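*Asks:* Everything below, folded, please.
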Amino acid sequence: MLALCSITSKTNQFHRLTASLIHKSFFSTDGMEVGRVKFYRKDKTYGFITSDTDGDDIFVHRSSIVGAPEDDLFHPFLRRGERIKFKRSDNTNGKVVAKDVTFEDGSNVPVYRSEYVKEEEKAAKT
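*Replies:* Numbering: from 1, shown residues only. Presented below is the predicted three-dimensional model:
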């Protein structure tokens, strides 16, 4: 009986360890997810992120970007295709939104992007 309990205990430990490793490989331990910017309307200051975890499209607002100044309504902004990290959260209406948005490597999205301003000026001239 003692040998059977020992085998059962070792089997349970193996299953717990395996489940833990699988969980860590799919989900970040800090609750952050990774995704790609589907689109972002700079003039409206919002967009959507497609999560790598489940493919859901998640609403993102400028105010959810880490380091966004309160007095500048149009910066920072995201570009389509950028890889970002975020947390899911429910807003007051019960909708899922992205919070604590940073680049995938954890760095902050720059408040001002001079190369984007140059692209806008070039497009305006044509």
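*Asks:* I'd guessed Asp100 sits against Ala68; true?
*Replies:* No - using Cβ atoms under 8 Å, Asp100 is not in contact with Ala68, being 11.1 Å away. Any C-beta I mention is one placed from the backbone N, CA and C, and that applies to glycine too.
*Asks:* When the two are compared, which one has more neighbours?
*Replies:* Legend: neighbour count by other Cβ atoms under 10 Å for Asp100 and Ala68, higher for Ala68 (19 against 14).
*Asks:* what kind of secondary structure is the more buried one in?
*Replies:* Three-state assignment for Ala68 (DSSP: H, G, I helix; E, B strand; the rest coil): coil.
*Asks:* Look at it and report its pLDDT.
*Replies:* For Ala68, the pLDDT comes out at 89.
*Asks:* any idea how far it is from Val109?
*Replies:* 8 Å (Cβ to Cβ, to the nearest Å).
*Asks:* Mind listing the shared neighbours of these two?
*Replies:* Residues touching both Ala68 and Val109 (Cβ atoms under 8 Å, 6 or more residues apart in numbering) are Pro76.
*Asks:* where's the nearest residue to Arg41 once chain neighbours are set aside, which helix or strand?
*Replies:* In this structure, Arg41 finds its nearest non-sequential neighbour in Gly47, 6.0 Å apart by Cβ to Cβ, 6 or more residues apart in numbering. Element membership for Gly47, per DSSP states H and E: strand 46-51.
*Asks:* Now do the buried residues in the next helix or strand after that strand.
*Replies:* Sequence-wise, the next helix or strand downstream of strand 46-51 (DSSP H and E) is strand 57-61. For strand 57-61, the neighbour count (16 or more other Cβ atoms under 10 Å) marks 58, 60-61 as buried.
*Asks:* Relative to Ile84, which of those is nearest.
*Replies:* Val60 (8.3 Å; Cβ to Cβ).
*Asks:* pLDDT wise, what is the closest one at?
*Replies:* Looking at Val60, its pLDDT reads 96.
*Asks:* need the contact list for it.
*Replies:* 37, 40, 46-49, 78, 86, 97-98, 101.
*Asks:* Drop anything exposed from the residues you listed.
*Replies:* 37, 40, 46-49, 78, 86, 97-98, 101.
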